[in-house]
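Q: need the 3D shape of this:
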Amino acid sequence: MAREKLGSRLGFILLSAGCAIGIGNVWKFPYMAGQYGGGIFVLIYLIFLVIMGIPVMTMEFATGRASQKSPAKMYNVLVPNDKKWRAHSWGAVAGNYLLMMFYTTVSGWMLRYFVDTVSGKFEGLDASGVANHFDNVLADPVKLTIYMGIVVVFGFVVCSFSLQKGIERVTKYMMLALLAIMVILAVNSATMEGGAEGLAFYLKPDINKVKEVGLGNVIVGAMSQSFFTLSLGIGSMAIFGSYIGKDRALLGESVNIAALDTFVALCSGFIIFPACSAYGVEVQAGPPLIFITLPNIFNNLPLGRLWGGLFFVFLSFAALSTILAVFENIISCTMDIFEWSRKKACLINGIAMFLLSMPCILGFNVLSGLVNFGAATSVLDLEDFIVSNVLLPLGSLIFVLFCTLKKGGWGWNNFKEEANTGKGLKVKNWMRGYLTYILPIVIFVFFAIGIYNFFK
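A: Residues are numbered from 1 along each chain as shown. The predicted structure is shown next:
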């Protein structure tokens, strides 16, 4: 069966960026910055994005485009006589499922908040009332399951159509709408009365905060966020590499996608932190940060219900763009493994994903206390830790080794030839030493630090 292709370069950029741009930017990035000292975290994150994120993304794209297969089968094509790399295929497939096991739940939160905002549930509530509303949302397993189910059904229905008519077409419109509404909200939030302190926290490095949290924790947090936000290490980018032609060099495309991803992440900070200082919301609130901050903004805006509804629907778009991209990866992998049709793969995976998402849902209520590795932790925190601190950095390390090892891997020359095919920014020979010897050590060291800090 012939490999499906994306219809345009814009479709590829927006779809790949859509995979990267999601709750990692508009949900996780602001609360990570809040917990790890604001401006200093942002600065370290940007450094990791350049020295680690972009090179690994280029390698993922290259392996996908060269193999024309999903992560489940790409090593079979690129190194057919070397079976050791195929273990990563199974790790990548598992990582995509595990990521979606909590991502669908958080996407359901976005959808629920859209409904609650347009129906006026937040009107008249102060900051404490908005925070209590989020606690009530988590305590209701039935509604959490319904909204998660809507997300799962929507994602697999869109993916059940052809690549161009389904996921590419829907993602284009969602991404363009998301970018427009985020710029408007960022300008409004950054200029609101009382927001200057939050803006300063976001933009100015705070050395005292770094000392309090620990520089090692800040660095590891920034590294894991750079992998999480770009969905690197589990083949989520490799799949889109397999859907594109050879008219553009891959390093330049990686830079474009990382820049778009970073733009959205920074915009989300401009929306969140001035609002925190304006309405007295604690910036270290953690994962619930946007859910106890943004409704306060909209309660104090003219036509706030309209703006709030628009924001949460486009926040849902950000999450759904990643959902669609990772679902496509899961579908493509199962089609390659079992030789299923697209529609059969969507049906079976849709049922499986709904069931696999239930532990995260129930971890906030019925099964609360099941997971306990720190204050107020849940099943979501455990799943997030496994993906962000284990699978993504280890998977990224494997991609780097595979693309640089002369013996036992695909090798630098093959990687460079594939990455540099087409017009645009090229991989240079001077990068070889860094990518071959330094980058693997950097990834492994910070992976080890993250694991050590977790168990300590």
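Q: contacts, neighbours, all on C-alpha from now
A: OK.
Q: in the helix ranked longest in the chain, what's buried?
A: Ranked by number of residues, the top helix in the chain under DSSP state H is helix 304-338. For helix 304-338, the buried set under the neighbour-count rule, 16 or more other Cα atoms under 10 Å, comprises 304-305, 307-336.
Q: which strands or helices does it pack on?
A: helix 9-20, helix 86-118, helix 141-160, helix 169-190, helix 289-299, helix 342-356 (3 or more Cα pairs under 8 Å, 6 or more residues apart in numbering; DSSP states H and E).
Q: least reliable of these going by mean pLDDT?
A: Among the helices and strands packed on helix 304-338, helix 9-20 has the lowest mean pLDDT, at a mean of 67.
Q: circling back: with mean neighbour count and distance to Asp261 added, can I get the helices and strands packed on helix 304-338 in TSV?
A: As requested, the helices and strands packed on helix 304-338 are exported to TSV (neighbours: other Cα atoms under 10 Å; distance: least, Cα to Cα, whole Å):
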stretch	mean neighbour count	distance to Asp261
helix 9-20	23	6
helix 86-118	22	18
helix 141-160	20	21
helix 169-190	17	10
helix 289-299	23	18
helix 342-356	17	26
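Q: of all the ones you listed, which one comes closest to Tyr452?
A: helix 86-118 (21.2 Å; Cα to Cα).
Q: tell me the angle that closest one makes with helix 342-356.
A: With axes from the mean of the first three to the mean of the last three Cα atoms, to 10 degrees applied, the angle from helix 86-118 to helix 342-356 works out at 70 degrees.
Q: quick one: name whatever helix or strand follows helix 86-118.
A: helix 127-138 (DSSP states H and E).
Q: now that next one: how far from the chain's centre is it?
A: From the chain centre to the centre of helix 127-138 is a distance of 25 Å (Cα atoms, centre = their mean, to the nearest Å).
Q: mind listing what's buried along that helix?
A: Result for helix 127-138 [16+ other Cα under 10 Å]: buried residues Ala127, Val130, Ala131, His133, Val137, Leu138.
Q: need the contact list for the residue lying closest to the third one once chain neighbours are set aside.
A: With sequence-adjacent residues excluded and distances taken as Cα to Cα, 6 or more residues apart in numbering, Ala131 is closest to Ile292, at 5.0 Å. With contacts taken as Cα atoms under 8 Å, 6 or more residues apart in numbering, Ile292 has the following neighbours: Ala127, Val130, Ala131, Phe134, Val281.
Q: Tyr173: which of those is nearest?
A: Closest to Tyr173, out of all of the contacts of Ile292 and judged by Cα to Cα, is Phe134, at 29.2 Å.
Q: give me the pLDDT value at that closest one.
A: 87.
Q: so it versus Ile290, what's the distance?
A: To Ile290, Phe134 is 10 Å away according to Cα to Cα, to the nearest Å.
Q: which helix or strand contains the nearest residue to Val26 once chain neighbours are set aside?
A: Counting by Cα to Cα, 6+ apart, Val26 lies nearest to Ser268, which is 5.4 Å off, once chain neighbours are set aside. Secondary-structure assignment from DSSP H and E places Ser268 in helix 250-279.
Q: state the distance from the nearest residue to Gly194 once chain neighbours are set aside to Thr293.
A: Counting by Cα to Cα, 6+ apart, Gly194 lies nearest to Ala278, which is 4.4 Å off, once chain neighbours are set aside. Note on Ala278: its distance to Thr293, by Cα to Cα, is 10 Å.
Q: low-confidence ranges in the stretch 351-456 of the chain?
A: Scanning the stretch 351-456 of the chain with the threshold set as pLDDT under 70 gives 371-376.
Q: would you list every one of the helices in it?
A: Secondary structure of the stretch 351-456 of the chain (DSSP state H, counting those that start in this stretch): helices at 358-362, 379-385, 392-404, 412-419, 431-433, 439-455.
Q: distance from stretch 224-234 to the middle of the chain?
A: Its chain's C-alpha centre and that of stretch 224-234 lie 7 Å apart, by Cα atoms, centre = their mean.
Q: CA-only coordinates of it in PDB, if you can.
A: As requested, the backbone C-alpha atoms of stretch 224-234 are provided in PDB (Å, rounded to 0.1, in the frame of the first residue of the first chain):
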ATOM      1  CA  SER A 224      12.500  17.700  30.500                       C
ATOM      2  CA  GLN A 225      10.200  20.500  29.400                       C
ATOM      3  CA  SER A 226      12.200  21.000  26.200                       C
ATOM      4  CA  PHE A 227      11.700  17.300  25.300                       C
ATOM      5  CA  PHE A 228       8.000  17.300  26.400                       C
ATOM      6  CA  THR A 229       7.100  20.400  24.500                       C
ATOM      7  CA  LEU A 230       8.500  19.100  21.200                       C
ATOM      8  CA  SER A 231       7.200  15.500  21.900                       C
ATOM      9  CA  LEU A 232      10.700  14.200  21.200                       C
ATOM     10  CA  GLY A 233      12.000  10.700  21.800                       C
ATOM     11  CA  ILE A 234       8.900   8.500  21.100                       C
END
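Q: what residues of the helix or strand containing Glu60 count as buried?
A: According to DSSP H and E, Glu60 maps onto helix 54-67. Across helix 54-67, burial judged by 16+ other Cα under 10 Å covers 54-67.
Q: count the neighbours of Leu301 for me.
A: Leu301 is flanked by 14 other residues according to other Cα atoms under 10 Å.
Q: helix, strand or coil for it?
A: The three-state assignment at Leu301 reads coil, by DSSP: H, G, I helix; E, B strand; the rest coil.
Q: check contacts around the residue nearest to Val26.
A: Going by Cα under 8 Å, 6+ apart, Ser268 touches Asn25, Val26, Phe29, Pro30, Met182, Ala186.
Q: hang on, the fifth one packs against Cys267?
A: Yes: checked against Cα atoms under 8 Å, the pair Met182 and Cys267 is within contact range at 6.6 Å.
Q: how close does the residue nearest to Ile297 when sequence neighbours are not counted sit to Lys121?
A: Distances taken as Cα to Cα, 6+ apart put Ala275 closest to Ile297, at 6.4 Å, once the chain neighbours are dropped. The gap separating Ala275 from Lys121 is 19 Å, by Cα to Cα.
Q: neighbour count for those two, which is higher?
A: Per other Cα under 10 Å, whichever of Ala275 and Lys121 has more neighbours is Ala275, with 31 against 15.
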